[in-house]
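In: here are the coordinates; sequence isn't available:
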């Protein structure tokens with residue numbers, strides 16, 4: 001795979017007037033490995049876990065407060081149908097050592113290594129809207145080492161993450177567009193996540209005032 005791990009292939013196209021884009025023809029979804037994809041496709045008869053919206057506006061050892069976290073959680077709550085049946089995660093991330101990537105909880109980090117050693121097969125869906133949650137490690141270009149991939153390796157069937165820094169103004173717009181469609185009929189189905197993300201991104205793409213990197217920052221992984 002090498003450097004292909006860092007390319008936003010879902011955004012491929014002819015960037016010129018009347019140019020054609022891959023997103024006009026296909027709905028894109030990534031996978032860190034065929035093994036992870038096969039595992040995600042396996043039918044699990046055990047009941048799914050309840051929906052959990054997790055936000056941390058003041059992680060351990062942080063020197064500032066993340067002001068956008070609480071409004072985003074409130075927005076998600078307002079768009080969810082009761083009772084929830086799918087899992088959602090929204091926390092900030094820490095990137096230093098590839099296998100020590102972590103979600104910064106209030107008390108201590110939840111590392112990528114911890115996730116991969118946990119059975120998350122009952123979790124159908126995770127939405128990681130913090131920065132770089134699907135960004136690979138440039139020192140290991142042949143391996144997909146990031147938080148979103150770690151969740152799928154652990155058994156989560158469908159994961160949404162970000163390739164690079166995402167602006168605070170982008171997240172609520174994408175989240176609202178996503179969950180309005182994802183939960184529009186009163187139910188949630190993780191197998192619709194890639195299609196719904198595609199539609200939400202297309203909606204943002206109509207806003208030419210939004211920078212290109214923000215229109216293509218979110219990707220889907222899994223089924």
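Out: Looks like it arrived, so ask away. Bear in mind that the values here come from a model prediction, so they are computed numbers and not experimental data.

In: After the lowest-mean-pLDDT helix or strand in the chain, which helix or strand is next?
Out: Within the chain, no helix or strand scores below strand 93-94, which has a mean of 50 by mean pLDDT, DSSP states H and E. The helix or strand immediately downstream of strand 93-94 is strand 102-104, counting by DSSP states H and E.

In: ok now whichever helix or strand comes after that next one, how far from the chain's centre?
Out: Downstream of strand 102-104, the next assigned helix or strand under DSSP H and E is strand 109-111. Relative to its chain's centre, strand 109-111 lies at 17 Å (CA atoms, centre = their mean, to the nearest Å).

In: Tell me, how many residues neighbour the closest residue to residue 102 other than its chain neighbours?
Out: Spatial nearest neighbour of residue 102, excluding adjacent residues (CB to CB, 6 or more residues apart in numbering): residue 109 at 3.5 Å. Bear in mind the C-beta positions are built from the backbone N, C-alpha and C, glycine included. Neighbour count for residue 109, taken as other CB atoms under 10 Å: 18.

In: Over to residue 27?
Out: By other CB under 10 Å, 16 other residues sit near residue 27.

In: Next, the contact list for it, please.
Out: 194, 195, 198 (CB atoms under 8 Å, 6 or more residues apart in numbering).

In: Could you tell me which residues make contact with residue 158?
Out: Counting by CB under 8 Å, 6+ apart, residue 158 makes contact with 40, 124, 125, 126, 190, 191, 193, 194, 220, 221, 222, 223.

In: what do you get if the cut-off is 7 Å, keeping everything else the same?
Out: Residue 158 is in contact with 124, 125, 190, 193, 222, 223, counting by CB atoms under 7 Å, 6 or more residues apart in numbering.

In: looking at it, the first one is touching residue 190, isn't it?
Out: This means residue 124. Yes: between residue 124 and residue 190 a contact is recorded at 3.9 Å, counting by CB atoms under 7 Å.

In: Comparing those two, which residue is more hemmed in?
Out: Each of residue 124 and residue 190 has its neighbours counted (other CB under 10 Å); residue 124 has more, 25 against 22.

In: Give me the pLDDT for the more buried one.
Out: Note for residue 124: predicted pLDDT of 86.

In: on that earlier part again, what about the residue nearest to residue 102, distance to residue 147?
Out: Per CB to CB, to the nearest Å, residue 109 is found 11 Å from residue 147.

In: Assign the closest residue to residue 223 other than its chain neighbours to helix, strand or coil.
Out: For residue 223, ignoring the flanking residues on the chain, the nearest one in space by CB to CB, 6+ apart is residue 40 at 5.0 Å. Judged by DSSP: H, G, I helix; E, B strand; the rest coil, the three-state class of residue 40 is helix.
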